[in-house]
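> Quick one, what's the 3D model for this:
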Amino acid sequence: MGRMLPVGDAARALGVSVDTLRRWERSGRIATERDSANRRVVDEDEISRLGGHVVHKVDTSFSARNRFEGVITSVEVTGVIAQVEMESGGNHIVSVITRDAVEELGLVPGVRAVATVKATSVMVARL
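Reported below is the predicted structural model:
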């Protein structure tokens with residue numbers, strides 16, 4: 001058994017949308033499982049069987065100044081949004097993203113991740 005991938009990663013590896021992957025699951029074309037948090041995951045071997053290719057690479061086309069590699073410390077899902085916290089080299093990063101993104105990326109405490117910061121302005125006030 002290979003590494004288990006979130007459905008978003010599996011869909012990318014197969015060159016299809018998440019919706020297509022879910023239709024394939026319903027029709028029996030691809031086997032999925034549920035992880036301990038009840039998220040749908042796909043075995044890497046299953047992706048290979050269908051001719052997909054898993055890329056184990058982080059996009060480095062961004063400036064090093066706006067990329068922070070770290071570890072997820074907390075994920076709180078409320079409705080359709082989630083608050084994700086991570087630690088990166090002494091920095092505490094908090095992001096609000098969609099629930100779907102959390103599920104597709106398989107973000108849970110302990111997972112290594114990369115935060116990319118894009119901001120047109122950041123305001124700081126003196127206390």
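> Quick check: Ile30 vs Val102, distance?
Ile30 sits at a distance of 22 Å from Val102 (criterion: C-beta to C-beta, to the nearest Å). Quick note: C-beta positions are derived from backbone N, CA and C, even for glycine.
> likewise Gly15?
Distance from Gly15 to Val102, by C-beta to C-beta: 23 Å.
> out of these two, which sits in the more crowded spot?
Shown here are Gly15 and Val102; by other C-beta atoms under 10 Å, Val102 has more neighbours (23 against 10).
> just checking, next helix/strand downstream of the one helix or strand the more buried one maps to?
Element membership of Val102 [criterion: DSSP states H and E] is helix 99-105. On the C-terminal side of helix 99-105, the nearest following helix or strand under DSSP H and E is strand 112-116.
> who does that following strand pair up with?
strand 67-78 (antiparallel) (DSSP bridges).
> Check which residues of the partner strand are buried.
Using 16 or more other C-beta atoms under 10 Å as the test for burial, strand 67-78 gives 67-68, 70, 72, 75.
> who touches it?
Residues external to strand 67-78 that are found in contact with it (C-beta atoms under 8 Å, 6 or more residues apart in numbering): 58, 60, 82-89, 91, 93, 99, 102, 107-117.
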